[in-house]
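this one's structure only:
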């Protein structure tokens with residue numbers, strides 16, 4: 001499976017099902033997906049590059065692919081580092097679904113929502129909308145010949161998991 005197929009099938013398609021039925025599980029999956037998109041954009045390095053000492057892929061994806069309202073350096077610390085390393089949002093990050101969001105206060109237009117105390121609320125469905133848009137930007141991007149995005153990414157010719 002090539003990276004673009006992975007993005008369409010897994011990051012867009014399968015994560016959609018998780019958002020619809022298990023929103024809390026979607027947050028770390030989208031966080032990992034954002035990290036993937038940032039690595040995809042990096043045409044200088046292969047998938048396994050160690051980013052210590054250089055710009056993190058998560059930040060690259062957020063600043064390049066997401067609306068300006070996501071350009072808050074704290075999001076990597078709050079969302080990525082807390083949810084991906086420990087499966088718990090760090091203090092200052094609140095997670096929600098559209099059905100539970102504060103009606104009339106948190107909308108797609110002001111998402112991620114920042115309250116007066118400095119807490120950031122992320123709504124699964126709103127994050128997914130912007131994540132899908134970011135995925136499509138990567139799919140449409142032209143990558144140079146030989147780039148990792150033009151080579152197979154995941155083998156799918158093995159026995160299915162049972």
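Nice, I can see it. As the structure is a computational prediction, the values presented were derived from the model and not from experiment.

residue ranges of the helices in this protein, please?
3-6, 15-21, 23-41, 57-65, 74-75, 82-86, 124-140 (DSSP state H).

Which among those is found nearest to residue 146?
Closest to residue 146 of the helices of the chain is helix 3-6 (CB to CB; 13.5 Å). Where you see a C-beta, it was placed from the backbone N, CA and C, and this is true even at glycine.

Now do the buried residues in that closest one.
Within helix 3-6, the residues scored as buried using 16 or more other CB atoms under 10 Å are 3, 4, 6.

pLDDT at the closest residue to the last one other than its chain neighbours, what is it?
By that I understand residue 6. Taking CB to CB, 6 or more residues apart in numbering, and ignoring the residues beside it in sequence, residue 6 has residue 153 as its nearest neighbour in space, at 5.3 Å. As predicted, residue 153 sits at a pLDDT of 88.

can you count the residues close to residue 153?
By other CB atoms under 10 Å, the residues close to residue 153 number 17.

just checking, it touches residue 10?
No. The pair residue 153 / residue 10 is not scored as a contact, 10.1 Å apart, by CB atoms under 8 Å.

Now do the contacts for the residue nearest to residue 132 when sequence neighbours are not counted.
The spatial neighbour of residue 132 that comes closest, neighbours along the chain excluded (CB to CB, 6+ apart), is residue 12 at 5.5 Å. Counting by CB atoms under 8 Å, 6 or more residues apart in numbering, residue 12 touches 132, 135, 136.

Which single one of those is nearest to residue 50?
Distance to residue 50 across the contacts of residue 12 (CB to CB) is lowest for residue 135, with 24.6 Å.

these two touch, right, the closest one and residue 9?
No. Contact criterion CB under 8 Å: residue 135 and residue 9 do not qualify, at 10.8 Å.
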